[in-house]
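Trainee: Everything below, folded, please.
(one chain, ligands or ions: 1)
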Amino acid sequence: MTVRTRFAPSPTGYLHVGGARTALFSWLYARKHGGRFVLRIEDTDLERSTQESINAILESMTWLGLEYDEGPFYQTHHFERYNEVIGELMNKGLAYRCNCSKERLDELRQQQMQRKEKPRYDGHCRHAEVSRDEPHVIRFKNPTDGVVLVEDLIRGRVPFGNAELDDLIIRRTDGAPTYNLSVVVDDHDMGITHVIRGDDHLNNTPRQINMLKALGWAVPQYGHVPMILGDDGARLSKRHGAVSVMQYKEAGFLPEALLNYLVRLGWSHGDQELFSIDEMVQLFELGAVNKSASSFNTEKLSWINQQYIKNADPLRVAHLLSSHLGDRGIDPAEGPELAAVVEAQRERASTLEELAQISLFYYRDFTRYDEKAAKKAFKGAAIEPLERIKGRLAQLTEWNRQAIHQALEQTVAELGIGFGKLGMPLRLAVTGGAPSPELDLTLYLVGQGACLRRIDQAINHIQQQETPA
Ligand code: GLU
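Mentor: Residues are numbered from 1 along each chain as shown. This next block holds a predicted model:
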């Protein structure tokens, strides 16, 4: 049997990290078992589904690299098929027309609540003769006794008494099929063997199993993925900061870092934290996923992202970083080689946004200095060391780290001062106070012209400060 899994988002908003984790688990399961991963867009709610959301979902899947083998399929293209199946259920006497009024249903609910019973449809129209010409819904005749046993790959055995379930509406008055019906038909028609989805659907599963059985169709295996909570214990939502996948892209997370974080959320393999995609495919086990909800921890995600930024191919990081610099009006072609800047700076940033922010000085002059650093480093006594080093740097005919290093050594030797007396003001002059690597490397990357220009600017700055008003 070929494993076939699917991800079936409703396009009523962006793809959030919870959905992305469900998609990842489903994708991993297919990859691990040499199966196929299907993308199905559940767009039957015409009022709430939007093209914008569809685009956001597709874009997020592509960015994450969760490539689908089939689809995207759209449920709105399958209405004819759903109606055919509804007709089949009617013909077999497994579904019926119901014209109960809203008033009747409201009253029924009221009475049940008063008796402290779970509100459910009482099967009133099971034996009524409702004409197809009057407004009606169609309900599935759910078995009235017995137990549906959901053998969940994550939750284990979850029994549901049929007496708890009621006759579900499978077609609305306007003729539109409902969620449970369309999912059953599509999961069957698409040959889905493993339904891996959020555990907010666990209560739908016994109903879907009953329909599959009524139609004589195979029942897939199910795995219900627990939800993700914010660090305050409430269900993860916009309130907790970025939750949409594309917002993480914009904030400068690498897709593989987000996947790595999501796979670790509620699943572990010894104390290993970092997993390549291949390792995830090999090691991930649905059965080892925590049954309870997990909390989203932004700090942990940042730490993982930092590891990925540190270890990724600098050329790739440079490629990704260039758009973050572009957003700040910088063309990295007009300055030092970006991959070299990445190697010099990347230990100091946990996102590409941060990396862009602390790398601006390589490409752009500035007029402001970090205030705290300036208080310490820009004193009158710094003027002479700055003048001297400027003279030496100006004379260099070869601009490389070794020559720069020598110039620094000679300057402190000549003045008989500690290295800090030159190093501190010089670093601040050239970087403005942004985090930076070894001084000779920093100067080398910034370039000779910019270094001389910035040293001049720093000297002026100090002189103006020193001049009594
Ligand atoms: N369309 C449903 C949702 O977005 C998922 C349905 C399913 O996976 O069965 O919540």
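Trainee: check which helix or strand covers the nearest residue to Val147 once chain neighbours are set aside.
Mentor: Distance criterion CB to CB, 6 or more residues apart in numbering; nearest residue to Val147, sequence neighbours excluded, is Pro159 at 5.1 Å. Placement of C-beta: from N, CA and C, glycine included. According to DSSP states H and E, Pro159 maps onto strand 156-161.
Trainee: returning to that earlier point: roughly how far does the residue nearest to Val147 sit from Arg207?
Mentor: 14 Å (CB to CB, to the nearest Å).
Trainee: again with Ala293
Mentor: With CB to CB as the criterion, Ala293 and Arg207 are 23 Å apart.
Trainee: of these two, who's got more company?
Mentor: Arg207 (23 against 17; other CB atoms under 10 Å).
Trainee: Touching, the more buried one and Lys141? I think so.
Mentor: No: here Arg207 lies out of contact with Lys141, judged by CB atoms under 8 Å, at a distance of 11.8 Å.
Trainee: What residue, apart from its backbone neighbours, is nearest the most centrally placed residue in the chain spatially?
Mentor: For the chain, the residue nearest the mean C-alpha position is Val245 (3.3 Å; CA atoms, centre = their mean). Spatial nearest neighbour of Val245, chain neighbours left out: Ser60 (4.0 Å); criterion: CB to CB, 6+ apart.
Trainee: got it, and Gln410?
Mentor: Per CB to CB, 6+ apart, closest to Gln410 is Arg392, 6.5 Å.
Trainee: That neighbour: helix or strand, and which one exactly?
Mentor: helix 383-395.
Trainee: tell me what the helix or strand that that helix is followed by is packed against?
Mentor: Remark: after helix 383-395, the chain's next helix or strand is helix 401-415, criterion DSSP H and E. Applying 3 or more CB pairs under 8 Å, 6 or more residues apart in numbering; DSSP states H and E, we find helix 401-415 packed against helix 383-395, helix 419-431, helix 439-446.
Trainee: Nearest to the ligand: which residue in the stretch 251-400 of the chain?
Mentor: Distance from the ligand to each residue of the stretch 251-400 of the chain (CB to the nearest ligand atom) is smallest for Leu286, at 14.9 Å.
Trainee: Confirm that Ser436 sits in a helix.
Mentor: No: assessed by DSSP: H, G, I helix; E, B strand; the rest coil, Ser436 does not belong to a helix; its assignment is coil.
Trainee: Check the burial of it by counting its neighbours.
Mentor: 23.
Trainee: Now it. Nearest residue, chain neighbours left out?
Mentor: Thr442 is the one closest to Ser436 (CB to CB, 6+ apart), at 4.5 Å.
Trainee: Surely the one you found is in contact with Val341?
Mentor: No: contact criterion CB under 8 Å: Thr442 and Val341 do not qualify, at 10.2 Å.
Trainee: Of the two, which one has the most company?
Mentor: Set Thr442 next to Val341 and count neighbours by other CB under 10 Å: Val341 wins out with 26 against 22.
Trainee: Now the more buried one: which helix or strand?
Mentor: Per DSSP H and E: helix 338-345 holds Val341.
Trainee: Any buried residues in that helix, and which?
Mentor: Buried residues in helix 338-345, counting neighbours by 16 or more other CB atoms under 10 Å, are found at Leu338, Ala339, Val341, Val342, Glu343, Ala344, Gln345.
Trainee: Next: stretch 9-24.
Mentor: 9-11, 13-24.
Trainee: again with stretch 240-255
Mentor: Buried, per 16+ other CB under 10 Å, within stretch 240-255: His240, Ala242, Val243, Ser244, Val245, Tyr248, Lys249, Ala251, Gly252, Phe253, Leu254, Pro255.
Trainee: With that, I have no additional questions.
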